[in-house]
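J.: Provided below for reference: sequence and predicted model.
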Amino acid sequence: MKIALFPGSFDPITIAHVDIVTRSLPLFDKIVVGIGLNSSKQNLLSPDKREEIVKSVFASYPTIEVRAYEGLTIDFCKQINASYMLRGIRSTGDFEYERAIAQINKTMLPSAETILLLSQPEYSAISSTIVRDILRNNGDVSQFVPKEALPFLKL
């Protein structure tokens, strides 16, 4: 079984994240959207709320599972038997960052491959960081997040 992990903080999930996952569905038997929890990070949404939102977004996809995890992403890959890590890249800066992480992960777990998908051009400016800033300033994020997330994002 080909299992891929799509890790991230998803604080909040964006339409760009959803696009990467849904475009990847034909490549894998199962995709685990892994919500990485980092207690040293200042998040906008609680871990429970992020998990609830992401589960609601992918509720109609039987081959997508949503799970929160702590610790090293590579350790979570081992735990769920994922042979692939899925990442989206928007720019050359993203590529350089993801390449370095992929190379370290490959050293730590040689059986795991990182798959990098280019974001769609119309999504390349969308990031959770920008969406968080819009939310903190009471702006309208409806064009940047999946519709299923909107009821959860009333801050």
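T.: Received, thanks. Residues are numbered from 1 along each chain as shown.

J.: how about low-confidence regions in this structure?
T.: Applying pLDDT under 70 to the chain flags the ranges 39, 155.

J.: mind listing the helices for it?
T.: Taking DSSP state H to define them, one finds helices in the chain at 15-24, 47-57, 73-80, 92-108, 128-136.

J.: now mean neighbour count too, for those, in TSV please.
T.: The C-beta positions use only the backbone N, C-alpha and C, and glycine is treated the same way. Formatted as TSV, the helices of the chain follow (neighbours: other Cβ atoms under 10 Å):
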stretch	mean neighbour count
helix 15-24	19
helix 47-57	19
helix 73-80	17
helix 92-108	13
helix 128-136	16
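
J.: could you dump those helices to a markdown table with distance to L37?
T.: Formatted as a markdown table, the helices of the chain follow (distance: least, Cβ to Cβ, whole Å):
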| stretch | distance to L37 |
| --- | --- |
| helix 15-24 | 17 |
| helix 47-57 | 5 |
| helix 73-80 | 11 |
| helix 92-108 | 18 |
| helix 128-136 | 15 |
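
J.: of all these, which lies closest to Q143?
T.: The closest of the helices of the chain to Q143 is helix 15-24. By Cβ to Cβ, the value is 8.0 Å.

J.: kindly export the closest one (C-alpha atoms) in CSV.
T.: Output in CSV follows, covering the C-alpha atoms of helix 15-24 (Å, rounded to 0.1, in the frame of the first residue of the first chain):
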residue,chain,number,x,y,z
ILE,A,15,-7.2,26.2,-0.6
ALA,A,16,-3.6,25.7,-1.7
HIS,A,17,-3.1,22.9,0.8
VAL,A,18,-6.3,21.2,-0.3
ASP,A,19,-5.3,21.5,-4.0
ILE,A,20,-1.9,19.7,-3.3
VAL,A,21,-3.7,16.9,-1.5
THR,A,22,-6.5,16.4,-4.0
ARG,A,23,-4.1,16.5,-7.0
SER,A,24,-2.1,13.8,-5.3
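
J.: quick one: contacts for I101?
T.: Counting by Cβ atoms under 8 Å, 6 or more residues apart in numbering, I101 touches T114.

J.: distance-wise, check it relative to V141.
T.: As judged by Cβ to Cβ, to the nearest Å, I101 and V141 stand 27 Å apart.

J.: repeat that for S111.
T.: According to Cβ to Cβ, S111 and V141 sit 38 Å apart.

J.: which one's more surrounded, those two?
T.: Between S111 and V141, counting by other Cβ atoms under 10 Å, V141 is the more crowded of the two (18 against 10).
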